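Novice: task: produce atomic coordinates for the following.
(chains A and B)
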Amino acid sequence: MRFEAVIGLEIHAQLLTESKLFCGCSTKFGNPPNTNICPVCMGHPGVLPILNKKAVEFTIRMGLATSCTINKYSIFARKNYFYPDLPKGYQISQYELPLCSNGYLEIEHQNQRKKIRINRIHLEEDAGKSIHDQGNFTLLDFNRCGVPLIEIVTAPDIQTPEEAGIFLSEIRQIVKYLGICDGNMEEGSLRCDANVSIREAGSNILGTKTEVKNMNSIKNVVDALKYEIERQIEIVSSGGRIIQQTLLWNADKQIIEPMRTKEESHDYRYFPEPDLPIVEVNEEWLNVIRENLPELPSIRKERMKSQYNIPDYDIEILTTEKEFADYFEETAKFTDDYKSISNWFMTEILKILNEQKISIKEFPIKPEYLGELIKLINNQTISGKIAKEVFNEMLVEPGSPSEIIKEKNLIQISDEKIIEEIVQKVIESNQKQVQQYLEGKDKVFAHFVGQVMRETKGKANPSLVNKILKEKLDNLRK
Amino acid sequence: MKITKELILHIAELSHLKLKEDEIEKFQIELNQILEYVDNLNEIDTSSIEPLSHPLPIVNVFREDRVEKSITREEALKNAPEATDEFFKVPKVI
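Specialist: Got it, this is the predicted structure:
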């Protein structure tokens, strides 16, 4: 029997607000435990939540970016369950009437475009962090409690692990472009759970699904889904049945394990949150959000293509991360040689980001200085080879290329007289090679170029050196 | 809806309550009485009325996204039955 997989994703994205969803506590990651908490997010009796307006606007941005209906009326609901990381005993989430519903995102895989439907995008609060295995205790840090999250729920339209990976990277790119989430999967600001089942290829019946969690990179999502689909196929093929359960991906061992939980009955008893009034998104407000919507990846690509006239391939690379595109466009303010910026970016800069495992934000050379460097090459102040040297210097020593060139005396020698003198000297002291050249061995020409460069510590203008050498040597041939 | 003994036990479990045998019976009777009473409302035809989630006609109560001073960790941990210097401490969960 041939099988096909049916995959739906639930993606949680932590919103980049300064304060929490229902109180004024900071959302900063990495603060000492239990320092960003207050009576509201700890669920003390008598406190009242007040909704963070920006969090609502961020959610709507995501809805607009994924062609969702933005519901005019939206309400919050209490999802009741008892777990120590949830001090109120319920999570404020949305159930009926989420902020956004019925959207989609188009992905491209193997040259085919495919629509993945998005059932809903709702706003909810995060829970705290439990630290297990502390003897007979569990320790709790409530800093994350009440931090705003959006949950994006897809329809089960995804059929392969690769599609899931592409969809997730698209979502990651969009939230970053929208400026609503940093997209960092390692730190957990973007998390993805998957519902997976298999069925006979072409069938309409859904099989029993499992939920896979703990996949904290796009690669993990692809690996875990491959593993889970194979596991399910193996069970069904050998006559077994799939048990509905929650599974955790163990990236170190590259296996899937059942989640450690107490056997408890789940009954969330959702009901409307009485402490939060209805959210009404009227046309006026929606228009303001729409008008202020940051440029989306697809739109930015098109604009950059027409604005900079560089190859599509370059544009694809430069827009993979919003920060790449920002760096490129910032540099483009300082030089109009756009292709050179792109070349430096795709070869030198990306290489360094990979080698040093840093983000473009941490990259030491300011866009302004890269622009200046390119200008200095183009107006022949320095050669490309020297530029590389200056570039390497700027990686360790902050400073403008002009300063470095002056300091290290690297300005290109473009004075024909000086180069002529040096060429003459090189020819005189390399008579053996001159003889070979005169006998027709054109290859020794490179030897002369090398010698001139050595004499000038690489500073001679290469095209002038070539020109003058050729003239002089060819004169000798006559 | 009829409140059965099983339902009482289920609710008790969700609420983390341990009920004695006579309490189970007592609550079963009381909850049934409450539901019967509320059931009177079903005599009214509400088929053409939108469900009401909030009794007050208020919409859009927001706060601006600003960090406000919160309490100290000492204050936060003060009322916890058990805590370390940094964390709340609860019985082993899993």
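
Novice: now do the residue positioned nearest the centre of chain A, the pLDDT please.
Specialist: When CA atoms, centre = their mean is applied to chain A, the residue found nearest the centroid is A:E321 (4.9 Å). In the predicted model, A:E321 carries a pLDDT score of 88.

Novice: give me phi/psi at it?
Specialist: When quoted as degrees, to the nearest 10, the phi and psi of A:E321 stand at phi -120, psi 140.

Novice: wait, it sits on A:I360?
Specialist: Yes. Using CB atoms under 8 Å, A:E321 makes contact with A:I360 at a distance of 6.8 Å. Where C-beta positions appear, they are placed from N, C-alpha and C, glycine not excepted.

Novice: what is the neighbour count of whichever residue of chain B sits closest to chain A?
Specialist: Using CB to the nearest CB, the single residue of chain B nearest to chain A is B:E68, 2.9 Å away. Burial of B:E68, expressed as a neighbour count using other CB atoms under 10 Å in any protein chain shown, amounts to 11.

Novice: quick one: B:K2 is in a strand?
Specialist: No. Read with DSSP: H, G, I helix; E, B strand; the rest coil, B:K2 is coil and lies in no strand.

Novice: name the nearest residue to it, sequence neighbours excluded.
Specialist: Once its chain neighbours are removed from consideration, B:K2 has its nearest residue in B:N32; the separation is 6.9 Å (CB to CB, 6 or more residues apart in numbering or on different chains).

Novice: right, and that neighbour touches B:M1 too?
Specialist: No. With the criterion set as CB under 8 Å, B:N32 and B:M1 do not qualify as a contacting pair; they are 9.0 Å apart.

Novice: quick one on the thing from earlier: ok, the residue nearest to B:K2 - how many residues close by?
Specialist: Neighbours of B:N32 under the rule other CB under 10 Å: 14.

Novice: swap in the one 4 residues further on?
Specialist: Number of residues near B:E36 (other CB under 10 Å) recorded here: 12.

Novice: would you verify that it is located in a helix?
Specialist: Yes. Inclusion of B:E36 in a helix is indicated when three-state DSSP is applied.

Novice: show the pLDDT at it.
Specialist: At B:E36, the pLDDT recorded in the model is 92.

Novice: what's near enough to touch it?
Specialist: Contact criterion CB atoms under 8 Å, 6 or more residues apart in numbering or on different chains gives no residues in contact with B:E36.

Novice: how about the residues of chain B by chain A?
Specialist: With CB under 8 Å from any CB of the partner chain as the criterion, chain B meets chain A at residues B:10, B:13-14, B:16, B:53-54, B:56, B:58-71, B:73, B:76-77, B:82, B:84, B:86-94.

Novice: sorry, back to before: what's the per-residue pLDDT of the nearest residue to the residue of chain B closest to chain A once chain neighbours are set aside here?
Specialist: By the measure of CB to CB, 6+ apart, the closest residue to B:E68 outside its immediate chain neighbours is A:G24, 2.9 Å from it. At A:G24, the predicted lDDT confidence score is 97.

Novice: from A:K129, how far out is A:G24?
Specialist: Distance, A:G24 to A:K129, by CB to CB, to the nearest Å: 20 Å.

Novice: ditto for A:D474
Specialist: With CB to CB as the criterion, A:D474 and A:K129 are 76 Å apart.

Novice: quick one, which of those two is more surrounded?
Specialist: Neighbours were tallied for A:D474 and for A:K129 using other CB under 10 Å; the higher tally belongs to A:K129 (16 against 10).

Novice: A:K114 versus that one, what's the distance?
Specialist: Here A:K129 is placed at a distance of 37 Å from A:K114 (CB to CB).

Novice: could you pick out the longest strand of chain B?
Specialist: Residue-count comparison of every strand in chain B, with assignments taken from DSSP state E, identifies strand B:88-91 as the longest.

Novice: so who does the residue nearest to the spatial centre of chain B touch?
Specialist: Residue closest to the mean C-alpha point of chain B, counted by CA atoms, centre = their mean, is B:S15 at 8.4 Å. Contacts for B:S15 (CB under 8 Å, 6+ apart) come out as none.

Novice: let's see it at 10 Å
Specialist: With contact set as CB atoms under 10 Å, 6 or more residues apart in numbering or on different chains, B:S15 has these partners: A:N80, A:F82, A:G89.

Novice: show me these that map onto strands.
Specialist: Judged by DSSP E, the subset of the contacts of B:S15 located in strands is A:N80.

Novice: just the buried ones among the contacts of B:S15, please.
Specialist: Of all the contacts of B:S15 considered here, the ones buried according to neighbour count by 16 or more other CB atoms under 10 Å in any protein chain shown are A:N80.

Novice: from the contacts of B:S15, which are also near chain B?
Specialist: Cross-checking those against chain B (CB under 10 Å from any CB of the partner chain) gives A:N80, A:F82, A:G89 as the overlapping residues.

Novice: possible to save those residues as JSON lines with pLDDT?
Specialist: What follows is the ones next to chain B among the contacts of B:S15, written out as JSON lines (pLDDT from 0 to 100):
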{"residue": "A:N80", "pLDDT": "91"}
{"residue": "A:F82", "pLDDT": "84"}
{"residue": "A:G89", "pLDDT": "91"}
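
Novice: stretch A:32-40: which residues count as buried?
Specialist: For stretch A:32-40, burial by neighbour count (16+ other CB under 10 Å) applies to A:P33, A:N34, A:T35, A:N36, A:I37, A:C38, A:V40.

Novice: should've said stretch A:351-358
Specialist: Judged by neighbour count (16+ other CB under 10 Å), stretch A:351-358 contains these buried residues: A:I352, A:L353.

Novice: also stretch B:8-15?
Specialist: Of all the residues in stretch B:8-15, those buried under the rule 16+ other CB under 10 Å are B:I8, B:I11, B:L14.

Novice: for stretch A:309-326, same thing?
Specialist: A:I310, A:D314, A:I315, A:I317, A:L318, A:T319, A:E321, A:K322, A:F324, A:A325.

Novice: point out where the stretch 151-300 of chain A drops to low pLDDT.
Specialist: Counting by pLDDT under 70, the ranges of the stretch 151-300 of chain A that qualify are A:260-266.

Novice: got it, and chain B?
Specialist: Applying pLDDT under 70 to chain B flags no residue at all.

Novice: tell me the contacts of the residue located most distally from the centre of it?
Specialist: The centre of chain B is farthest from one residue, B:D85, which by CA atoms, centre = their mean lies 30.4 Å away. The contact partners of B:D85, by CB under 10 Å, 6+ apart, come to A:P33, A:N34, B:R73, B:E74, B:L77.

Novice: partner strands of the helix or strand harbouring A:E211, with direction?
Specialist: Taking DSSP states H and E as the definition, one finds A:E211 inside strand A:210-213. Strands flanking strand A:210-213 in the sheet, each with its direction: strand A:190-200 (antiparallel), strand A:246-250 (parallel) (DSSP bridges).

Novice: contact partners for A:L178?
Specialist: Taking CB under 10 Å, 6+ apart as the criterion, A:L178 is in contact with A:13, A:16, A:58, A:61-62, A:64-65, A:293-297, A:322.

Novice: for chain B, what's the nearest residue on chain A?
Specialist: Using CB to the nearest CB, the point where chain A gets nearest to chain B is A:G24, with a distance of 2.9 Å.

Novice: in the strand or helix carrying A:K472, what's buried?
Specialist: According to DSSP H and E, A:K472 maps onto helix A:462-477. The neighbour-count check on helix A:462-477 (16+ other CB under 10 Å) flags A:P462, A:L464, A:V465, A:I468, A:L469, A:K472, A:L473 as buried.

Novice: quick one: the strands in chain B, in order.
Specialist: Applying DSSP E to chain B gives strands spanning B:62-63, B:88-91.

Novice: which neighbouring elements make contact with the shortest one?
Specialist: So that's strand B:62-63. Applying 3 or more CB pairs under 10 Å, 6 or more residues apart in numbering or on different chains; DSSP states H and E, one finds that strand B:62-63 makes contact with strand A:51-52, helix A:53-65.

Novice: contacting residues around it?
Specialist: Outside of strand B:62-63, the residues that reach it under the criterion CB under 10 Å, 6+ apart are A:19, A:21-24, A:49-57, A:277, A:279.
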